[in-house]
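In: Next one to model:
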Amino acid sequence: MIVTPSAESIASSAKAAAGKGLPPVEKWDPPFCGDLDMRIARDGTWFYLGTPIGRPGLVWLFSSIIRRDGDRYFLVTPVEKVGITVDDAPFVAVDFDPVVGGLEFVTNVGDRAIAGPDHPIRVTRDPETGEPSPYVLIRRNLEALIDRKSFYRLVELGVTEAHEGRDWFGIRSGGEFFPIIPSAELDV
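Out: Numbers count the residues shown, from 1 in each chain. The predicted structure follows:
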């Protein structure tokens, strides 16, 4: 009997596998069961069948079982793996605080990570507009888009340092320097 994946079946399997901390989705190798009509918008809103998921606990549950394989995102339980659509990044970094050791980011689903060697910050720029899109690695190979207000706050903490043979404006956290923009472009 072929069972069509649904948000309910994924949630049920995720609840059954839940323990303390995040489930070890990278160790699970269930069969691929198809794609689910679930999407994470650029602003971090989760949608199922085109409707926003309004229950924070359900969003958190789904976010705890997300995995990225190559360029695709999946919800993974011990018994099923379904593809979902992610418009940009699966999480949004909605705030950060200076803490001992660096800058600690918090995501829209409650993950926390101190930017550093294990949680690098990267900034891409739109080739046409030059608009920056900053990200921080949160867990496994999953990033959070740093929201605009947090990025503006980061820029206020920025410094200029030599990096890879040229001067860059960037952020320092966790003993690492993360370049944002070449210093020469700041003068333009």
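
In: Identify the residues contacting Val92.
Out: Each residue near Val92 by Cβ atoms under 8 Å, 6 or more residues apart in numbering is listed here: Asp43, Gly44, Thr107, Asn108, Ala144, Leu145, Ile146, Asp147. Using the backbone N, CA and C atoms, a C-beta is placed for each residue, glycine as well.

In: wait, which of the residues you listed is closest to Pro23?
Out: Thr107 (17.0 Å; Cβ to Cβ).

In: Ramachandran coordinates for the closest one?
Out: Here is the backbone geometry of Thr107 (degrees, to the nearest 10): phi -100, psi 170.

In: let's number from 52 now, not from 1
Out: New numbering, starting at 52: the last item is Thr158.

In: show me what contacts it?
Out: Per Cβ under 8 Å, 6+ apart, neighbours of Thr158: Gly95, Phe142, Val143, Ala144, Val145, Ile189, Ala195.

In: Any of these buried? List them.
Out: The neighbour-count test (16 or more other Cβ atoms under 10 Å) applied to the contacts of Thr158 identifies Gly95, Phe142, Val143, Ala144, Val145, Ile189, Ala195 as buried.

In: Go ahead and confirm the fifth one touches Asp198.
Out: Yes - Val145 is in contact with Asp198 according to Cβ atoms under 8 Å; the separation is 5.5 Å.

In: and stretch 97-114, how far from the chain's centre?
Out: A distance of 16 Å separates the centroid of the chain from that of stretch 97-114, by Cα atoms, centre = their mean, to the nearest Å.
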